[in-house]
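Colleague: for reference, the sequence and a predicted model appear below.
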Amino acid sequence: MEKNTYITLSNGQKIPSLALGTWQATGEKLRNALRAAIKCGYRHIDTAYMYQNETEIGQTLRELINEGAVKREDLFITTKLWSTFNQPGKVEDGFMLSLKALQLDYIDLYLMHTPTAVKYIDDKTLMPPAEDGGPGFALEDVHYIDTWKAMEPLVEKGLAKSIGVSNVNLQQLGEILRIAKVPCVNNQIENHPFLDQTGLIKFSKENNVSISAFGPLGSPERPWAPENDKNLRNDPVVKKIADSRKCTPVQILIAYNLSQGLVCAPKSTCVERIEENFKSLDVKLTTDEINQLEGLACNFRGFSWDFMIKHKHYPF
């Protein structure tokens, strides 16, 4: 049976390299997915306040812990600070909402979801409409450096074991690293063969920042995907490598990240696919195969965060 692999973060904490992504997952499908994942061997769960499923995740994990199916110390929980809480005075409030919903005493890894602050209305208004009536969200003039500084006490208080960032560019990450008093141990980014992230990955690794990859399949199920959306799973290069490996294209796309020493968080609520994804840990791609996949780069980004494009800290 496949076994978890781990990456050691710059602070010595170990993070399982394969996570169960939970975006768009709710209700019984989510609960069943979590139970299947834990039974299969997953120990890393990736969620976010924005996903609005932390309560269901917390309840299910508490049940599994009480049943003896898994120990809390063996779990690694990643969640994220949503942009409406990027104001320094709101950071701990946003964190505590997640901590309470997840029914935990601490979070293993807490990430700044985006460097672009959104106007705070109340705890439940996550996408306030633009005040000028145009497209996008009501944005807030908050610097991500100030958000980061407000996240650091979460580690000092023992509420979070580690902190990091998500959806930042190389320059923004560099600015945070220059002022960070608490290590930035992880950078979660969209990563797949259609998107060239080699520069950001190289910079992160050189600065002891691990990379977590979301959207390894190009996020074909995102609600805003066009009808003619590019499909990585059907790409001839991906399928050729999969055939030669006697595995699935999905396993190749997950292994594309794992084989480069990255954390990968594919999402699924299908028990069969959750089990199939876990077997990606056994697929070790060669440098030549990784180079072939990198050759597919075409600047395709499933998550361009266009609804925040007017923010002065828009990262892309």
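Modeller: On my side now, so go ahead.

Colleague: residues near residue 173, how many?
Modeller: Residue crowding around residue 173 was assessed by other CB atoms under 10 Å; the count is 23. To be clear about C-beta, it is placed using only N, CA and C from the backbone, and glycine gets the same treatment.

Colleague: okay, and the beta partners of the residue lying closest to it once chain neighbours are set aside?
Modeller: Once flanking residues are discounted, residue 173 sits nearest to residue 187: 6.0 Å by CB to CB, 6 or more residues apart in numbering. For residue 187, the beta-bridge partners under DSSP bridges are residue 165, residue 211.

Colleague: thought residue 20 was touching residue 36?
Modeller: No - taking CB atoms under 8 Å as the definition, residue 20 is not a contact partner of residue 36, at 9.2 Å.

Colleague: so between those two, which is more surrounded?
Modeller: residue 20 (28 against 20).

Colleague: which ones are touching the more buried one?
Modeller: 33-34, 37, 42, 44-46, 265-268, 274 (CB atoms under 8 Å, 6 or more residues apart in numbering).

Colleague: pull the contacting residues for the closest residue to it other than its chain neighbours.
Modeller: Using CB to CB, 6+ apart and skipping the chain neighbours, the partner closest in space to residue 20 is residue 37 (4.5 Å). The contact partners of residue 37, taken as CB under 8 Å, 6+ apart, are 20, 45, 274, 278.

Colleague: okay, the second one: pLDDT?
Modeller: What the model reports as pLDDT for residue 45 is 98.

Colleague: that one looks like it's in a strand, true?
Modeller: Yes - using DSSP: H, G, I helix; E, B strand; the rest coil, the assignment for residue 45 is a strand.

Colleague: re the thing from before, just give me the neighbour total for the residue nearest to residue 173.
Modeller: The number of residues packed near residue 187 is 26, by other CB under 10 Å.

Colleague: so, low pLDDT: which residues of this protein?
Modeller: Scanning the chain for pLDDT under 70 picks out the ranges 1-2.

Colleague: strands of that one, start to end?
Modeller: Assigned by DSSP state E, the chain shows strands spanning 6-8, 14-16, 19-21, 44-46, 76-81, 107-112, 160-166, 184-190, 210-214, 263-264.

Colleague: hang on, the earlier thing: as TSV, the contacts of residue 20 with distance to residue 122 would be great.
Modeller: Below are the contacts of residue 20 laid out as TSV (distance: CB to CB, whole Å):
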residue	distance to residue 122
33	30
34	28
37	33
42	34
44	31
45	27
46	26
265	29
266	33
267	28
268	32
274	35
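
Colleague: out of these, which is nearest to residue 66?
Modeller: Checking the contacts of residue 20 against residue 66 by CB to CB gives residue 34 as the nearest, at 13.9 Å.

Colleague: run a quick neighbour tally on the closest residue to that closest one other than its chain neighbours.
Modeller: Take residue 34 and drop its neighbours on the chain: the residue closest to it by CB to CB, 6+ apart is residue 60, 4.6 Å away. The local packing of residue 60 (other CB under 10 Å) involves 19 other residues.

Colleague: residue 60 and residue 31 touch, don't they?
Modeller: Yes - assessed by CB under 8 Å, residue 60 is found in contact with residue 31 at 4.9 Å.
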